[in-house]
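Undergrad: Only the shape, not the letters, is given here:
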């Protein structure tokens with residue numbers, strides 16, 4: 001009986017662990033690619049990308065496209081891979097116009113409910129309190145985001 005329970009536990013654990021795409025090859029045009037939601041895994045946090053809102057695509061010089069669930073994950077991944085944002089193409093899906101734009105030209109809120117809870121939602125149009133890409137990047141690298149309880153309390157009062 002114990003053996004049966006162990007086997008059953010393994011089957012339950014591995015059900016739904018099918019392979020998710022981490023990288024797409026051959027994007028020589030460096031344009032945002034179409035992808036199926038729930039079929040792509042963020043290479044930084046390994047969460048499934050289940051919505052276009054807050055998703056980001058990074059395309060390297062050799063045409064490899066990586067899809068992220070949260071703008072904050074992009075910043076950490078670039079840092080972990082010693083990549084300068086100037087050396088890659090980055091597309092962000094905006095929360096206001098619902099389209100892909102150059103992430104380096106986007107404006108970022110500080111308090112969006114993003115998948116990893118960093119708070120940096122991308123927008124095409126600037127509003128009061130929004131910051132540019134370089135400022136968002138700096139804040140992310142410093143840990144000045146909603147995942148930090150002190151920053152969360154300061155920004156949200158929670």
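TA: Yep, it's here. Every value quoted in this text rests on a predicted model; they were computed, and no experiment measured them.
Undergrad: low pLDDT regions in this structure?
TA: Across the chain, residues meeting the criterion (pLDDT under 70) sit at 1-21.
Undergrad: Which residue ranges of it form helices?
TA: 2-14, 71-80, 133-142, 149-156 (DSSP state H).
Undergrad: helices and strands around the second one, which ones?
TA: Yep, that's helix 71-80 we're talking about. Where contact means 3 or more C-beta pairs under 8 Å, 6 or more residues apart in numbering; DSSP states H and E, helix 71-80 is packed against strand 56-59, strand 65-68, helix 133-142. (Glycine included, C-beta is placed from N, CA and C.)
Undergrad: which residue sits closest to residue 73, ignoring its sequence neighbours?
TA: Sequence neighbours aside, residue 44 is the residue nearest to residue 73 in space, at 3.8 Å (criterion: C-beta to C-beta, 6 or more residues apart in numbering).
Undergrad: brain fart, residue 145
TA: residue 118 (4.2 Å).
Undergrad: Show the contacting residues for that neighbour.
TA: Going by C-beta atoms under 8 Å, 6 or more residues apart in numbering, residue 118 touches 70, 71, 72, 73, 140, 145, 146, 147.
Undergrad: quick one on the thing from earlier: quick check: which of the helices and strands packed on helix 71-80 is nearest to residue 109?
TA: Minimum separation from residue 109 across those (C-beta to C-beta) falls at helix 133-142, 9.4 Å.
Undergrad: For the closest one, buried residues please.
TA: Counting neighbours by 16 or more other C-beta atoms under 10 Å, one finds that the buried residues in helix 133-142 are 133, 136, 137, 139, 140.
Undergrad: any chance of the helices and strands packed on helix 71-80 in TSV, with distance to residue 99 too?
TA: Shown next, in TSV, are the helices and strands packed on helix 71-80 (distance: least, C-beta to C-beta, whole Å):
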stretch	distance to residue 99
strand 56-59	13
strand 65-68	16
helix 133-142	17
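Undergrad: Quick check: which of these is nearest to residue 85?
TA: That would be helix 133-142 among the helices and strands packed on helix 71-80, by C-beta to C-beta, at 6.8 Å.
Undergrad: center of this protein - which residue?
TA: Nearest residue to the geometric centre of the chain (C-alpha atoms, centre = their mean): residue 70, 2.5 Å.
Undergrad: ok now do the nearest residue to that one once chain neighbours are set aside, which residues does it touch?
TA: Nearest non-adjacent residue to residue 70, counting by C-beta to C-beta, 6+ apart: residue 116, 4.2 Å away. For residue 116, the contact set (C-beta under 8 Å, 6+ apart) comprises 45, 47, 69, 70, 72, 73, 147.
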